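Asker: predicted coordinates and the sequence they were generated for:
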Amino acid sequence: MRILVTGAHGQLAKCIKDASIKHTSLACTFVSREQLDISNNDAVALYFRNHSFDYCINTAAYTNVEKAESDKENAYLINSEGVKNLAIQCEEHNVVLLHVSTDYVFDGTQTVPYKETDNTGPINVYGASKLAGEQHVSALCQKHFIVRTSWLYSQYGHNFYTSMLSHFKKGTALKITTEQTGTPTNAQDLAVVLLTIILSEVYQYGVYHYSNDGEATWYDFASEILKNAGQIPQANLGSTNHYSTFARRPERSILNTKKVKETFSIVIPLWNERLKGFMEDVYTQP
Ligand SMILES: NC(=O)C1=CN([C@@H]2O[C@H](COP(=O)(O)OP(=O)(O)OC[C@H]3O[C@@H](n4cnc5c(N)ncnc54)[C@H](OP(=O)(O)O)[C@@H]3O)[C@@H](O)[C@H]2O)C=CC1
Ligand SMILES: Cc1cn([C@H]2C[C@H](O)[C@@H](COP(=O)(O)OP(=O)(O)O[C@H]3O[C@@H](C)C(=O)[C@@H](O)[C@H]3O)O2)c(=O)[nH]c1=O
């Protein structure tokens, strides 16, 4: 199976690369923004004319939630128009599109975990631009999987986990919010799930929710990172319920993952157990 993975320098694409090494039946091509700018319609069309794929996993995205508020044009250019360009080419070339989306398409007011069929209602520019991208995928590309996930972390790049560790080591006085609840999700787990969807050859297209299990506030997440990091005496972690940001964020964006579990026979670990296992691996690697 020939798989195109966009956004090669991002954390999820790097985790897909790690996971794909174990599967000799998968021939993955990873393209960075420099090699394939998804917002450039002509470049995307030319790329698909010159290369053949069975699947495309789109991890490329504008992911800076704060900056998106004042940079709406670029957020939409990538998360909406860029995704539209890919969806059109996947449809034309009979490529199955796996598109990654976010819990931020929801407004966060629902008290029970969000199902795939629940109403969306983004409350920030990033979430709205991602929802627009999803809508292009469903409208333009029949063979698609939209996989919504939440609070991704890994050892790669800038994410909440790497940012907290770096602050702990510097001794920054941190106040982390208890105002939002969601589910931290290991990006390696999501990478495995995306490949499982491909390898399963179950062609039940549509929207799926995948996150690790359980729920946490950002403060809970930071506390668990610190707990598992061993001795960092200079770490200075406190909580707050008034952290000021440019972007509003959903108060409660837990995803209901029943559909992905049942369709692809997936077992999902609890976020804190997964974080512990992940950090043990990272710290014991040579
Ligand atoms: N991070 C998270 O917590 C969550 C992420 N998601 C979604 O998961 C997916 C993967 O996110 P993640 O890996 O964390 O994000 P990253 O920000 O780590 O990676 C995104 C990558 O996309 C690339 N990119 C940006 N614009 C373009 C473009 N025009 N053409 C091609 N590539 C481009 C970036 O390139 P460059 O390196 O040059 O900037 C970057 O390498 C995204 O769709 C995101 O919306 C969903 C829920 C949570
Ligand atoms: C740095 C910092 C942030 N915060 C708050 C701000 C925010 O409410 C929360 C998380 O901050 P971040 O900006 O790291 O997280 P954010 O960029 O909102 O994370 C989101 O990214 C996108 C891509 C997604 O799709 C989402 O699922 C989610 O993972 O923590 C503090 O309370 N104290 C701090 O010192």
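Answerer: Arrived safely, thanks for sending. Since we're looking at a predicted model, the values are computed, not measured. Numbers count the residues shown, from 1 in each chain. Ligands and ions are numbered 1, 2, ... in the order given.
Asker: just the buried positions in whichever helix or strand Ala19 is part of, please.
Answerer: Using DSSP states H and E, Ala19 falls within helix 11-20. Counting neighbours by 16 or more other Cβ atoms under 10 Å, one finds that the buried residues in helix 11-20 are Gln11, Leu12, Ala13, Lys14, Cys15, Ile16, Asp18, Ala19, Ser20. Backbone N, C-alpha and C define where each C-beta goes, glycine included.
Asker: the last one reaches Val192, doesn't it?
Answerer: No. Contact between Ser20 and Val192 fails when scored by Cβ atoms under 8 Å: they sit 9.8 Å apart.
Asker: Leu255 - how many residues pack around it?
Answerer: Residues lying near Leu255 (other Cβ atoms under 10 Å) number 25.
Asker: same thing with Ser70?
Answerer: Neighbours around Ser70, by other Cβ under 10 Å: 12.
Asker: state the pLDDT value of it.
Answerer: Per-residue confidence at Ser70 stands at 98 (pLDDT).
Asker: ok, now the one 5 residues further on?
Answerer: Listed pLDDT for Ala75 reads 99.
Asker: dump the C-alpha coordinates for the helix or strand hosting it into CSV.
Answerer: Assigned by DSSP H and E, Ala75 belongs to helix 72-76. Extracted in CSV, the C-alpha atoms of helix 72-76 (Å, rounded to 0.1, in the frame of the first residue of the first chain):
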residue,chain,number,x,y,z
LYS,A,72,-7.4,33.9,10.4
GLU,A,73,-6.6,34.1,6.7
ASN,A,74,-3.6,31.8,7.0
ALA,A,75,-5.4,29.4,9.3
TYR,A,76,-8.2,29.0,6.7
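Asker: for the stretch 51-200 of the chain, what are the low-confidence residue spans?
Answerer: For the stretch 51-200 of the chain, no stretch is flagged by pLDDT under 70.
Asker: the closest residue to ligand 1 within the chain: how many residues sit nearby?
Answerer: Closest to ligand 1 within the chain is Gly10: 2.1 Å, counting by Cβ to the nearest ligand atom. Gly10: 24 surrounding residues under other Cβ under 10 Å.
Asker: what's the closest non-adjacent residue to it?
Answerer: Excluding its sequence neighbours, the residue lying closest to Gly10 (Cβ to Cβ, 6 or more residues apart in numbering) is Thr59, at 5.4 Å.
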